[in-house]
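1. Predicted model and sequence follow; I will ask about them next.
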Amino acid sequence: MGCAGSKDDTKPTVTEFAKGTKFAKGEEVKSANGEHKLILQEDGNLVIYTGDAAKWSSATDGKEVSGAEITAEGDLVILNGEEKVWSAAVEGAEKWAFTDDATLVALDAEGVQKFTSDPSAYSLRTRSATIASKAPIGVEVEEGKTYYWCTCGLSKNQPFCDGSHAGTEFKPMAWTAPESKEVYLCACKRTKNALFCDGTHTEIEDKKEEAAAEEEEEDEVSAASTPRP
């Protein structure tokens, strides 16, 4: 894997779904490598399997459902007739993809993830990633070039991966630039719109300032309550 922001000539293949795609009960969709499947089961549950092991589900088993579809707004919904039984709560996705690592993702026009079935991706980053910087990093990107955004915060080549995640649970996030332009990439690793900055770094600063203010206030109270000789 090219971790330094270079073009990747061995990108994993995916099974893609456009807006309007419908899934019938009992219908199986295979990943491009044939190792995983996505199925809307007869019991109403939408499930990803690797062999016989379930990797993810919509937790809708036992519900009456008639099918599933990707809406014109880019959301993935499970329906019972016209009634919405479950929704991925996605807006602005241009397409969905079922990857060779058994992950279902929604992508916007710029290739940014709007949804992922991998529960560890966001929670691991926000819980454990090192804050590389509390300000976004402006980068001039080239159309058609694939970049690998650092998610662990340890890279010395921010905002891109340099392999420093080796031996950890982290892995870089690949993104192919749809056009040549300047973009501002997150360096605090807490963004909800990975890999772009969404302003979350200002909240991190505020929390630290609040903590410092509270500590200072406690010190003042403690000093005031200390008996003088």
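-> Cool, got the structure.
2. burial count for the residue nearest to residue 86 when sequence neighbours are not counted?
-> Nearest residue to residue 86, sequence neighbours excluded (Cβ to Cβ, 6 or more residues apart in numbering): residue 78, at 4.1 Å. For every residue, glycine as well, the C-beta is placed using N, CA and C. Burial measure for residue 78: 24 neighbouring residues, criterion other Cβ atoms under 10 Å.
3. Adjacent strands (with direction) for the helix or strand hosting residue 78?
-> Here residue 78 sits within strand 76-80, counting by DSSP states H and E. Using DSSP bridges, strand 76-80 pairs in its sheet with strand 67-70 (antiparallel), strand 83-87 (antiparallel).
4. Just say which of the ones you listed is most tucked in.
-> strand 67-70 (a mean of 19; mean count of other Cβ atoms under 10 Å).
5. what's the model's confidence in it, averaged?
-> On average, the pLDDT along strand 67-70 is 96.
6. Give me the contacts around that strand.
-> 17-25, 40, 46, 76-79, 93, 96 (Cβ atoms under 8 Å, 6 or more residues apart in numbering).
7. Stretch 151-171 now?
-> So stretch 151-171 is contacted by 3-5, 120, 124-125, 128-133, 137, 139, 147-150, 172-173, 185-187, 189, 194-195 (Cβ under 8 Å, 6+ apart).
8. what's residue 203 sitting at in phi/psi?
-> With angles defined as degrees, to the nearest 10, residue 203 sits at phi -70, psi -40.
9. before we move on, the earlier item: output the strand holding residue 78 in PDB with nothing but the alpha carbons.
-> Taking C-alpha atoms only, strand 76-80 is exported to PDB below (Å, rounded to 0.1, in the frame of the first residue of the first chain):
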ATOM      1  CA  LEU A  76     -30.100   3.000   2.300                       C
ATOM      2  CA  VAL A  77     -33.500   2.000   3.700                       C
ATOM      3  CA  ILE A  78     -35.300  -1.200   4.500                       C
ATOM      4  CA  LEU A  79     -39.000  -1.000   3.700                       C
ATOM      5  CA  ASN A  80     -42.300  -2.800   4.400                       C
END
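10. residues of it that come out buried?
-> Applying a neighbour-count criterion of 16 or more other Cβ atoms under 10 Å, the buried positions in strand 76-80 are 76-79.
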